[in-house]
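Chemist: heads up, no residue letters with this:
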């Protein structure tokens, strides 16, 4: 069992992609150093042959002590998501969702095609499609309501049905809240029209998404619900794209309107 | 913006009006902590809440569970559809128990 998470030893998410045609394994999120590429590529190829979503719960050395690693075949490639919790466990009476539960939700969202982790090139392509219809800066909690009001106005203009409108506003609010709390204190939100879809691009220049944050009270705000925010987003949108690294995080939300 | 009003009594009632998000969770926390001081039961009325997100819901769930552990009942009433929708997404009834809902 590893040591408890700390700033020096945080729980981490790793996302990799196995390309069956090229036989390559690319690290999309996380530190590529020390990845047991041969073993992971072999297991990814097995999952693709079986056309099966395969999860291993493990704390042994085969996957460098990953608490859970999921292989998710998608067309010509296999997405691989793993979480290393370094011994963190839900303690008694804590209603917050455990990291492994969050990983299961993320892996399931990848499997059903709702969630995609983006590499740098994919981020540029997706975040510049369509045409911009709204943009704002979100630098403090008071600006959350302004961002929601902007979204509401756009959705009114587009004559979006009330139920879809309410859920879109909620999802954008969750994404911008995540950015405020964990994205270095703020960033930008813009809305794009891409065909019949509304796309929200929420981007910050923070330190990158840390899954340790998802279980911690952040910044004294006692905001224990990061996993809940992502659940709302993943349950209510058709497509969610995530890019995260040392230079910031971009979350892209898509829904047909 | 969140507006609050507390109807004092043996069982205080906290009336909430407006939006419960990251910007207002501190107000929500302060009002609840104040209203719950020294009582065995309290009611939160959501009738005029127009928006709640996971920040507000997370804090509410924490309140319910923490007070329950101390033997204090926190009951929720007049849940409008916009709030009930979020509670359903996050399985709040399962987390805090149906008995916390006066409309159940």
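Modeler: Thanks, I have it. Everything numeric in this text was worked out from a predicted model, so none of it was measured. Residues are numbered from 1 along each chain as shown, chains lettered A, B, ... in the order given.
Chemist: For the lengthiest helix in chain A, the averaged confidence score.
Modeler: Ranked by residue count under DSSP state H, the longest helix found in chain A is helix A:162-182. Averaged across helix A:162-182, the pLDDT comes to 91.
Chemist: Next, count neighbours for the closest residue to chain A within chain B.
Modeler: Chain A sits closest to residue B:58 of chain B, with a gap of 3.1 Å, by Cβ to the nearest Cβ. C-beta here means a position set from N, CA and C on the backbone, and glycine is covered the same way. By other Cβ atoms under 10 Å in any protein chain shown, 23 other residues sit near residue B:58.
Chemist: just residue A:194 next, same as before
Modeler: Neighbours around residue A:194, by other Cβ under 10 Å: 13.
Chemist: Wasn't residue A:159 part of a helix?
Modeler: No. Secondary structure of residue A:159 (DSSP: H, G, I helix; E, B strand; the rest coil): coil, not part of a helix.
Chemist: quick revisit: now do the strand or helix carrying the residue of chain B closest to chain A against helix A:162-182, angle only.
Modeler: In this structure, residue B:58 sits in helix B:54-69 according to DSSP states H and E. Angle of helix B:54-69 versus helix A:162-182, following axes from the mean of the first three to the mean of the last three Cα atoms, to 10 degrees, is 80 degrees.
Chemist: what's helix B:54-69 packed up against?
Modeler: Packing partners of helix B:54-69 (3 or more Cβ pairs under 8 Å, 6 or more residues apart in numbering or on different chains; DSSP states H and E): helix A:162-182, helix A:226-236, helix B:25-36, strand B:73-77, helix B:81-89, helix B:92-96.
Chemist: can you list the residues that contact the helix or strand of chain A with the lowest mean pLDDT?
Modeler: Least confident helix or strand of chain A, by mean pLDDT, DSSP states H and E, is helix A:99-111 with a mean of 79. Identification of contacts with helix A:99-111 by Cβ atoms under 8 Å, 6 or more residues apart in numbering or on different chains yields A:11, A:13, A:53, A:55, A:57, A:67-68, A:70, A:72, A:74, A:79, A:81-83, A:85, A:88, A:115-117, A:211, A:214-215, A:227, A:230-231, A:234, A:240.
Chemist: If we go by neighbour counts, what in it is buried?
Modeler: By neighbour count, and taking 16 or more other Cβ atoms under 10 Å in any protein chain shown as the criterion, the buried residues in helix A:99-111 are A:99-100, A:102-111.
Chemist: same deal with stretch A:180-200?
Modeler: Buried, per 16+ other Cβ under 10 Å, within stretch A:180-200: A:180-183, A:186-193, A:197-200.
Chemist: First-to-last residue distance for it?
Modeler: One end of stretch A:180-200 sits 16 Å from the other (Cα to Cα, to the nearest Å).
Chemist: related to what we said a few turns ago, could you dump the buried residues of helix A:99-111 to CSV with distance to residue A:175?
Modeler: Converted to CSV, the buried residues of helix A:99-111 look like this (distance: Cβ to Cβ, whole Å):
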residue, distance to residue A:175
A:99, 20
A:100, 23
A:102, 16
A:103, 19
A:104, 21
A:105, 16
A:106, 15
A:107, 20
A:108, 19
A:109, 15
A:110, 18
A:111, 22
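Chemist: circling back to that earlier point, let me know the pLDDT of the residue of chain B closest to chain A.
Modeler: pLDDT at residue B:58 comes out at 90.
Chemist: what do you get for residue A:257?
Modeler: pLDDT at residue A:257 comes out at 87.
Chemist: Ok, residue A:96 next?
Modeler: On the pLDDT scale, residue A:96 gets 52.
Chemist: Help me confirm that residue A:190 comes into contact with residue A:135.
Modeler: Yes. Counting by Cβ atoms under 8 Å, residue A:190 does reach residue A:135; the two are 4.0 Å apart.
Chemist: biggest strand in chain B by residues?
Modeler: Counting residues, the longest strand found in chain B (DSSP state E) is strand B:41-52.
Chemist: For it, what is the distance to the chain centroid?
Modeler: In terms of Cα atoms, centre = their mean, to the nearest Å, the centre of strand B:41-52 is found 6 Å from the chain centre.
Chemist: mind giving me the domain split of chain A?
Modeler: A:12-112, A:120-256 (automatic domain parsing).
Chemist: Next, the buried residues of the helix holding residue B:58.
Modeler: B:54-65, B:67.
Chemist: now the helices and strands packed on helix B:54-69 as JSON lines including distance to residue A:42?
Modeler: Compiled in JSON lines, those are given as follows (distance: least, Cβ to Cβ, whole Å):
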{"stretch": "helix A:162-182", "distance to residue A:42": "35"}
{"stretch": "helix A:226-236", "distance to residue A:42": "29"}
{"stretch": "helix B:25-36", "distance to residue A:42": "47"}
{"stretch": "strand B:73-77", "distance to residue A:42": "52"}
{"stretch": "helix B:81-89", "distance to residue A:42": "38"}
{"stretch": "helix B:92-96", "distance to residue A:42": "40"}
